[in-house]
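J.: Show me how the following folds:
(2 chains)
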Amino acid sequence: MDHVTDKLPKGLSGLAHDLGSDQTAFKKVPWGKAMMWIFLLSDTFIFSCFLISLMTARASTTVEWPNASEVFGLNFFGVEVPLLLIAIMTFVLITSSGTMAIAVKFGYEKKRKLCAWFLLLTAIGGLTFVGMQAFEWTKLIFHEGIRPWSNPFGAAQFGSFFFMVTGFHGTHVSIGVIFLFIMARKTWRGDFDTARRGYFTSMKSNYEAIEIMGLYWHFVDLVWVFIFAFFYLW
Amino acid sequence: MAQENKQEVTTHKIGVYLWIWGLLFVFSFFSYMVDYLNFEGLLRWTLILLFMFTKAALIMAIFMHLFWERWTIVNVLLWPMSFILVFIGIMVAESEYTFFTRLFYFVVGT
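T.: As a prediction, this is how the structure comes out:
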């Protein structure tokens, strides 16, 4: 791009150069992106704490842990299919992650309308996910009688971990959906092409914002990968 | 100085993302099959972890662009996560202790 960045050493010597440069360490990374990554790192620790406490509760209880495969089974035209809804939710979230990646690409290529459409698709995917989660919670609370303090399937801790972990993840998805709609509107209006100043920050809009939004959204998908493995499959 | 922070904007072919998307579908399907086919014990846990880490790596490397970032941010982000493993180790020891004391007091202790 310009002659300064071209000369930066790469790989391990690049690492030494960047950290020892006595100035900005994250070169070629806009500050917003670095901040989002640091937030995501801290969020990783929050979710790790939840999943590690799930492990601790499960490993230390003397009562049998409920079989997720049966609890989350779905009766589909008279056939019991294990984890069907969860599987569909997983595919929906992965799909929305894919459309998000494509939106970021179109954003950097300044294809305004395509970018906005893909952001909208991503938001709809997220909304579908939250909708299915609401359906799942309703089913478990009202039909299966699962409570944070007890459940008919086994160890009492199961309910509190289920609501805590999936609830916290669902909150992340919901916040992401809200921001996706905002970003889609801003993109459609052309904020990123005209560098219109932001309402709250009064800073110039840039397509980097789409990538930062994307980082958050992919992270939500990433967390679901771990929840799917440790809560539903283990 | 300010120049060095400008991001090089290079985009990738849409095919890259579609490929990763497809792979994520396939691996999710595999991990679903682990449950559907009722694999048990060590085989189950190995497969679950294998598919989980593969999916996580694909998302972080390609979707989150870490593969194309400079080593500084990659290292600063990934190394702190090794502390999670330490924490897991501590809590495994702790939960085993809790489990045995519970067994002892629920069964033998009364």
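J.: Which pLDDT value belongs to residue 1?
T.: Looking at chain A here, since you left the chain open. The model reports residue A:1 with a pLDDT of 43.
J.: Let me rephrase: I mean chain B.
T.: 42.
J.: count of residues packed around the nearest residue to residue A:222 once chain neighbours are set aside?
T.: Computed as C-beta to C-beta, 6 or more residues apart in numbering or on different chains, the closest residue to residue A:222 that is not its neighbour in sequence is residue B:59, at 5.1 Å. Just so you know, the C-beta spots here come from the backbone N, C-alpha and C atoms, and that holds for glycine as well. Neighbour count for residue B:59, taken as other C-beta atoms under 10 Å in any protein chain shown: 22.
J.: Where do the helices of the chain begin and end?
T.: In the absence of a named chain, this looks at chain A. Ranges of helices in chain A, per DSSP state H, are A:3-6, A:11-19, A:31-60, A:68-71, A:84-108, A:112-138, A:157-189, A:191-194, A:208-227.
J.: wait, I meant chain B there
T.: For chain B, the helices defined by DSSP H occupy B:14-36, B:41-58, B:71-78, B:82-103.
J.: circling back: please tabulate the helices of chain A in a markdown table, including the columns mean neighbour count.
T.: Shown next, in a markdown table, are these (neighbours: other C-beta atoms under 10 Å in any protein chain shown):
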| stretch | mean neighbour count |
| --- | --- |
| helix A:3-6 | 11 |
| helix A:11-19 | 15 |
| helix A:31-60 | 17 |
| helix A:68-71 | 16 |
| helix A:84-108 | 23 |
| helix A:112-138 | 19 |
| helix A:157-189 | 19 |
| helix A:191-194 | 16 |
| helix A:208-227 | 24 |
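J.: Do stretch A:171-185 and chain B come into contact?
T.: No - against chain B, stretch A:171-185 shows no contacts by C-beta under 8 Å from any C-beta of the partner chain, the least distance being 14.1 Å.
J.: Residue B:74 reaches residue B:64, doesn't it?
T.: No - between residue B:74 and residue B:64 there is no contact under C-beta atoms under 8 Å: 10.6 Å.
J.: between the two, which one's more packed in?
T.: Set residue B:74 next to residue B:64 and count neighbours by other C-beta under 10 Å: residue B:64 wins out with 26 against 17.
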